[in-house]
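Student: After the sequence you'll find the predicted model.
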There are 4 protein chains.
Amino acid sequence: MVLRAAVAGASGYAGGEVLRVLLGHPEIEIGAVTANSSAGELLGTVQPHLLPLADRVLEPTTPEVLAGHDVVFLALPHGASAAVAERLGDRVLVVDCGADFRLREAAAWERYYGSPHAGTWPYGLPELPGGREALRGVKRIAVPGCYPTAVSLALFPAYAAGIAEPEAVIVAASGTSGAGKAAKPHLLGSEVMGSMSPYGVGGVHRHTPEMAQNLSAVAGRQVTVSFTPTLAPMPRGILATCSVKAGPGVTAASLRETYAKALAAEPFVHLLPEGRWPATGAVQGSNAALLQVAHDPDAARIVVVAAIDNLTKGTAGGAVQSMNIALGLPEETGLPTTAVAP
Amino acid sequence: MVLRAAVAGASGYAGGEVLRVLLGHPEIEIGAVTANSSAGELLGTVQPHLLPLADRVLEPTTPEVLAGHDVVFLALPHGASAAVAERLGDRVLVVDCGADFRLREAAAWERYYGSPHAGTWPYGLPELPGGREALRGVKRIAVPGCYPTAVSLALFPAYAAGIAEPEAVIVAASGTSGAGKAAKPHLLGSEVMGSMSPYGVGGVHRHTPEMAQNLSAVAGRQVTVSFTPTLAPMPRGILATCSVKAGPGVTAASLRETYAKALAAEPFVHLLPEGRWPATGAVQGSNAALLQVAHDPDAARIVVVAAIDNLTKGTAGGAVQSMNIALGLPEETGLPTTAVAP
Amino acid sequence: MVLRAAVAGASGYAGGEVLRVLLGHPEIEIGAVTANSSAGELLGTVQPHLLPLADRVLEPTTPEVLAGHDVVFLALPHGASAAVAERLGDRVLVVDCGADFRLREAAAWERYYGSPHAGTWPYGLPELPGGREALRGVKRIAVPGCYPTAVSLALFPAYAAGIAEPEAVIVAASGTSGAGKAAKPHLLGSEVMGSMSPYGVGGVHRHTPEMAQNLSAVAGRQVTVSFTPTLAPMPRGILATCSVKAGPGVTAASLRETYAKALAAEPFVHLLPEGRWPATGAVQGSNAALLQVAHDPDAARIVVVAAIDNLTKGTAGGAVQSMNIALGLPEETGLPTTAVAP
Amino acid sequence: MVLRAAVAGASGYAGGEVLRVLLGHPEIEIGAVTANSSAGELLGTVQPHLLPLADRVLEPTTPEVLAGHDVVFLALPHGASAAVAERLGDRVLVVDCGADFRLREAAAWERYYGSPHAGTWPYGLPELPGGREALRGVKRIAVPGCYPTAVSLALFPAYAAGIAEPEAVIVAASGTSGAGKAAKPHLLGSEVMGSMSPYGVGGVHRHTPEMAQNLSAVAGRQVTVSFTPTLAPMPRGILATCSVKAGPGVTAASLRETYAKALAAEPFVHLLPEGRWPATGAVQGSNAALLQVAHDPDAARIVVVAAIDNLTKGTAGGAVQSMNIALGLPEETGLPTTAVAP
């Protein structure tokens, strides 16, 4: 039985990627595609790479248009999801690619977003301990942020095994699509090509509390996260370098074994063979996360590097993976682990 | 009934893309993957983006290894295909991604390649007039070159309709994967990023006679091709700008109508709506070719611009499209027209 | 004696490059730097690469601020230069990097720009026949467009020698800085990286009549230009491929000799040795133009490829070169021919 | 009085950048340029961006060719410098851009390079405490590694002021020119464009002991360095993110004041105004280092981000800066702080 899905915010990068993934999903039929300022335009005009949908007309993002679907994906600006979801009712599965329902603590939300907390929905990162169970049969899913996806996948095995100290230092590079499609001068091709730069340094990036929430839950105690995001001259991809002080007795071999065991059954998270390191180019358009680990005995630290596609595993692929679980479909349905490279 | 396909030259860009496309083909099972210097290595080491095949071992490219498959794709250096194909026998479908069997005239081959002509196989560009008929049931396919694919698709409607003079001026930009995976200093990232440069100027590029062969056949008279390839700072994609003197009476409207009619039934070649121009980014990983036409009344010229992915429609996707026809499968089987963008 | 120069429009790419070049000019002292919407900001905020000027405050672009300088560079939107220049008086040298005063024919201006023609100033391309003479001692200079600079340098020797037919087919790739610093969605890094696309196809680009004007003047008869610009995934550089039908008797040797002779004394335009082709990466930040020629006997065509930096030789460097002549300084003063590479 | 300088290893990226910088140096005349496998070729063939030197012939790297210069720059593979330097005698200034003489401890050298330690030369990072004094009048200079330059500049103020704990976590992104000009498959443009990847993770990168040496000397106690380098899709630039635990009592204001005071007199190291972050694009071709600092109170950490051009301040510019000091020239002679951007 094929289900019908609508995508709200289909003119942006996240919405476009949801559509791209759904086009390869055998159990989903694409229904309404909606936008705000682009409503009335052909999808082919704003998303020329989605050729099978080129003649679709973008409709306005209204409850009426979104009604009557089995699944509704929201790829809207922060703060807009709650009102839309409320009107859709409890029987439709709403998958929110935005931040509104990711955080459990209202105080953290208010500190980082400066607005009232909308609430908390089941969190769409199945790989976390208990993650799959928390998604089965649900009607609301909060899709994780792209950086928290990469970082949580990189560090949960260490914290679940209790082999890492509770202070994580994260430096991550993201492709420019993570900054969205709104035209801003510092995101011009002229500015970003050939240049790397940081932003949101010093703990102020909004994904920081989400990482701390995930890692603390796994560790069973408060984990502090020092997070520095950087903008890299590429359209897609996140490379997250995650450094934590090793707990007592950790060796290169025990570290590797911990990760191999934790990830053995994961369909999308792969520990690379020794000697190979993840590259974002190897996950372009794929739902896979590639991981490698190192133990630095001089510094007594564990370094885990994770590569994901920020739009696929980091947003739309992750969203569909959680949708699959919520709907009772096989988790891997329609989700590529083959990337487009070079 | 699922067929088994082998890929010879699986460590290079063309071979890797054949595998990527075949991984999405519902009627094909991937058999042997072979290489020369990389034989013995894991496919995951040399093609880390092909995660589902990461544990496959590259075997040597020998007739014994390639035997017993229904289809064998050859992605070998020029001059190597004939000997391999001969040993495979007449009952296996051999799809050659190399140049050896593309040209009809031995003199043209010898002039451009400096070696004896191996022969001529059915030519794998179904969109050309009579192209599909020439492929049905065949056991040998010569996959076109990437530039000739783009240029032939761009200009065949004009020549078939007799609205263009027989002198074509072509300037095309290609991504660096078109130059292959062999490490050469001028292909280093440091050299190509931020830089455009031409090569093979003045009619000496080996794809020139193939373009002339295709366009002359369509036009029914000798078409001269002046071809300038350029190397662009991107991994994939060809943007071909094709300029021909307009025949008498051509107008913007009649030009558009000619193309719309010629391409109406084509599953992979799309004439964009007026006002939009093709971008290679919109076909990354897709088997689609995007076209747009313009009539310049001051210069009395027709300009057609085509964008393809050099590795997909320009090589591996085109190869599988022709394979589908040869095998009697629906032509579009397993071939994406959705691209990975941005 | 050091002269004082003001730069109007110092927040954009052209204005920034004028400042960069002037910082290396031994006879120029930088006076006022002005902007419109950025007025009041530190130059370091909008042009962080101009470290020696980081603490300068952008002033508003008014006649009062620009008064009292020996030279005023205008890097303003089209249509704005005339009013400013008029207020500056006849004793100050005004160098207009915009298009307003480039065209001689009012009809061509009105057709391509849709507004009244402001007039014609001495044209700042010293390499054209008579070009230097036309600039000595002048108080107004119209800096050529970036594409016309590349194309005119590439083809003037052929037309001056009478060895080319009067129909030029030009395809040129430009870095994204040519499109300016105004934030537009199609110029986002996410959109341009990894992608090539054409624009203004079919003779509609505004630089077309300027090319025709230059080449016709050199040829002594009307030259028709078919011009296709493309946007390349790089911040800087123009690679212009210029194809013309060869006149009778042209050979590879005679073509080369024609160009060698025409360019022998040029300080900034270099014919490369045989076998080497221009790359935009080799002129990044340099005022040099690199050329190479080929004769295609099968197509009976001449192909000339030119590489320049669109912001340096194509805008600011060319502007300073012409300024030097107008001021009676040695033409090469302060102008680098060394590029930053890789 | 103009001095003559030779450059050994002029065909590579470091040697080419030394030449580029020296072309702008008013007190230096370029003498011999030498290479190994490229000896006999024109410099214009291997370094087409150095147009003023295009007709120079590369000579073999022999003591005879290098003799008779006032300064000799060595840009040779590791292990080759000692033998060359010995033959040059004690009266010529030898500036080694390689690693051979950077480390003070033979054990560290042997562990990381696996060969006998050649010795220790005066270290060419003038900004370090006592750095300038150690360079005056010397005849041998060990130019720092590119990463150690960035990291040492970023962290020396914190360690000199005693406000940081002695465990530094460093993640740095480098442009591909840092990996040199030797053609290796993983450095192909096709592989690096659109992709970020780490290498040398876990304390094994050879620049690690050099960072520890510098920071420990400044701190007056052993500083442990956990260093992760990553390869970024750009030709030039290093962005180093440096994270250290803050000492007691550190605040955002005190941190900023510490850095402002330490860097106030530095001609090449600039602390950016609050709210602005360094981008490698803003130092392309410049000898400047741009820094910004943040205090993360939740994590109790200091984060310092530094951007340099790996080839300029990170290699050739730094080399010339130290040369200036050794020769008694003003330190800033011939060294640009203006970058080529965008």
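Tutor: Here it is on my side, so go on.
Student: Next one: the top strand by length along chain A, is it in contact with chain D?
Tutor: Taking DSSP state E as the criterion, chain A has its longest strand at strand A:164-174. Yes: judged by C-beta under 8 Å from any C-beta of the partner chain, strand A:164-174 comes into contact with chain D at A:E167, A:V169, A:V171, A:A173. For the C-beta atoms, the positions are set from N, CA and C on the backbone; glycine is no exception.
Student: Helix or strand next in line after that strand, which one?
Tutor: Downstream of strand A:164-174, the first helix or strand assigned by DSSP states H and E is helix A:189-192.
Student: quick one: contacts of that next one?
Tutor: Under the criterion C-beta atoms under 8 Å, 6 or more residues apart in numbering or on different chains, residues A:176, A:185-186, A:231, A:233, C:13, C:175-177, C:179, C:181, C:187-189, C:191-193, C:233, C:235, D:281, D:342 lie in contact with helix A:189-192.
Student: Can I get the buried part of those as one PyMOL selection?
Tutor: What follows is the PyMOL syntax selecting those of the contacts of helix A:189-192 that are buried according to 16 or more other C-beta atoms under 10 Å in any protein chain shown:
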select buried, (chain A and resi 176+231+233) or (chain C and resi 13+175+176+177+179+181+187+188+189+191+192+193+233+235) or (chain D and resi 281+342)
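Student: Grab the nearest non-local neighbour of A:A341.
Tutor: B:H49 (3.7 Å; C-beta to C-beta, 6 or more residues apart in numbering or on different chains).
Student: Pull the number of nearby residues for that neighbour.
Tutor: 25 (other C-beta atoms under 10 Å in any protein chain shown).
Student: Quick check: the gap between it and A:I238.
Tutor: Using C-beta to C-beta, to the nearest Å, we find B:H49 at a distance of 16 Å from A:I238.
Student: list the contacts for the closest residue in space to A:V2 that isn't next to it in sequence?
Tutor: Ranked by C-beta to C-beta, 6+ apart and with sequence neighbours excluded, the top spatial neighbour of A:V2 is A:E29, at 4.9 Å. For A:E29, the contact set (C-beta under 8 Å, 6+ apart) comprises A:V2, A:L3, A:R4, A:A5.
Student: Just the buried subset of the residues you listed, please.
Tutor: Buried among the contacts of A:E29 by 16+ other C-beta under 10 Å: A:L3, A:A5.
Student: Please flag which of the contacts of A:E29 sit within strands.
Tutor: Among the contacts of A:E29, the residues falling in strands (DSSP E) are A:L3, A:R4, A:A5.
Student: isn't the last one right up against A:G31?
Tutor: Yes: proximity of A:A5 to A:G31 meets the contact threshold set by C-beta atoms under 8 Å, at 6.1 Å.
Student: The closest residue to A:D296 other than its chain neighbours: neighbouring residues, count only.
Tutor: Spatially, and ignoring its direct neighbours in sequence, A:D296 is nearest to D:G203 (3.9 Å; C-beta to C-beta, 6+ apart). A count of neighbours around D:G203, defined by other C-beta under 10 Å, yields 22.
Student: where does D:G203 land in three-state SS?
Tutor: With DSSP: H, G, I helix; E, B strand; the rest coil as the basis, D:G203 sits in coil.
Student: Quick check: it touching A:I302?
Tutor: No: using C-beta under 8 Å, D:G203 is not in contact with A:I302; the gap is 11.5 Å.
Student: Could you pull out the residues contacting both of those two?
Tutor: Listed as contacting both D:G203 and A:I302 by C-beta under 8 Å, 6+ apart are A:A294, A:D296.
Student: Residue in the stretch 1-150 of chain A with the shortest distance to chain C?
Tutor: Here the stretch 1-150 of chain A gets closest to chain C at one residue, A:Y13, 6.9 Å apart by C-beta to the nearest C-beta.
Student: quick one: contacts for that residue?
Tutor: Counting by C-beta under 8 Å, 6+ apart, A:Y13 has contacts A:S177, A:G180, A:K181, A:L311, B:P342, C:S190.
Student: now the closest residue to the last one other than its chain neighbours: how far from A:Q284?
Tutor: Counting by C-beta to C-beta, 6+ apart, the nearest residue to C:S190 once its immediate chain neighbours are dropped is B:P342, at 4.0 Å. Distance of B:P342 to A:Q284, computed by C-beta to C-beta: 11 Å.
Student: Could you pull out the residues contacting both of those two?
Tutor: A:R236.
Student: sorry, back to before: got JSON lines for the residues of strand A:164-174 next to chain D, with neighbour count and pLDDT too?
Tutor: Shown next, in JSON lines, are the residues of strand A:164-174 next to chain D (neighbours: other C-beta atoms under 10 Å in any protein chain shown; pLDDT from 0 to 100):
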{"residue": "A:E167", "neighbour count": "17", "pLDDT": "98"}
{"residue": "A:V169", "neighbour count": "27", "pLDDT": "98"}
{"residue": "A:V171", "neighbour count": "30", "pLDDT": "98"}
{"residue": "A:A173", "neighbour count": "31", "pLDDT": "98"}
